[in-house]
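Novice: I'll drop the sequence and a predicted model, then ask my questions.
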Amino acid sequence: MQLRRIRPSEDLVAIQELENAARSRYLDDPKLAFVAGSAPIALERLQAGELVVAEDEGRIVGFILTTPMDGGLYIANISVAPGQSGRGIGAALIREALARASTRGLEKVMLTTFRAPEWNSPWFRRFGFSPMPEERIGAGLRAVLERQAKFVDPVTRETLWRARADSH
């Protein structure tokens, strides 16, 4: 498996398909099954962010979508293809995001995620992410949270961060 930047003319549709397939994991949780039926990330959002893909034998098996925000790096999405979990793909993508933030001198890496199941908040905590104090949430992230609240119950969500991106 290798990580690489995307090839916009070739990878965007494959990334949408992978993200759509990865959401099928939510079907097992009646409270979150609606996530599986959500539309894939819009091409405009994919193009506006920074994408890194994990590729194995010429096939995209994971990706991470990030964007600079509020003096940090925001992880908008990380997805791994069904059947590929447990191979370290997600971990490699997280390490890549942390390294990019560190290289840029950004003070934090942030994300929003569901509190459960295990591949959400509990998984990110294994990489040193913890709940972000309310007073540290900037205008950009607050806008993300407000947008998400229109579609998802905020009680089911959590805002996590790593304050020192270079401590990986």
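Specialist: Received the coordinates, thanks. Numbering: from 1, shown residues only.

Novice: Excluding chain neighbours, give the residue nearest to the residue positioned nearest the centre of the chain in space.
Specialist: For the chain, the residue nearest the mean C-alpha position is N77 (2.6 Å; Cα atoms, centre = their mean). In space, and not counting its chain neighbours, N77 is closest to L65: 4.4 Å by Cβ to Cβ, 6 or more residues apart in numbering. No exception for glycine: its C-beta is placed from N, CA and C like everyone else's.

Novice: so where do the strands sit in this structure?
Specialist: 2-5, 50-56, 59-69, 72-80, 109-114, 130-131, 157-162 (DSSP state E).

Novice: Which strands or helices does the fourth one pack on?
Specialist: Just to be clear, that refers to strand 72-80. Under the contact definition 3 or more Cβ pairs under 8 Å, 6 or more residues apart in numbering; DSSP states H and E, strand 72-80 sits against helix 8-22, strand 59-69, helix 89-103, strand 109-114, helix 139-149.

Novice: Report the inter-axis angle for the third one versus strand 50-56.
Specialist: Which is helix 89-103. 140 degrees (axes from the mean of the first three to the mean of the last three Cα atoms, to 10 degrees).

Novice: Helix 89-103: how far from the chain's middle?
Specialist: Put simply, helix 89-103 sits 11 Å off its chain's centre (Cα atoms, centre = their mean, to the nearest Å).
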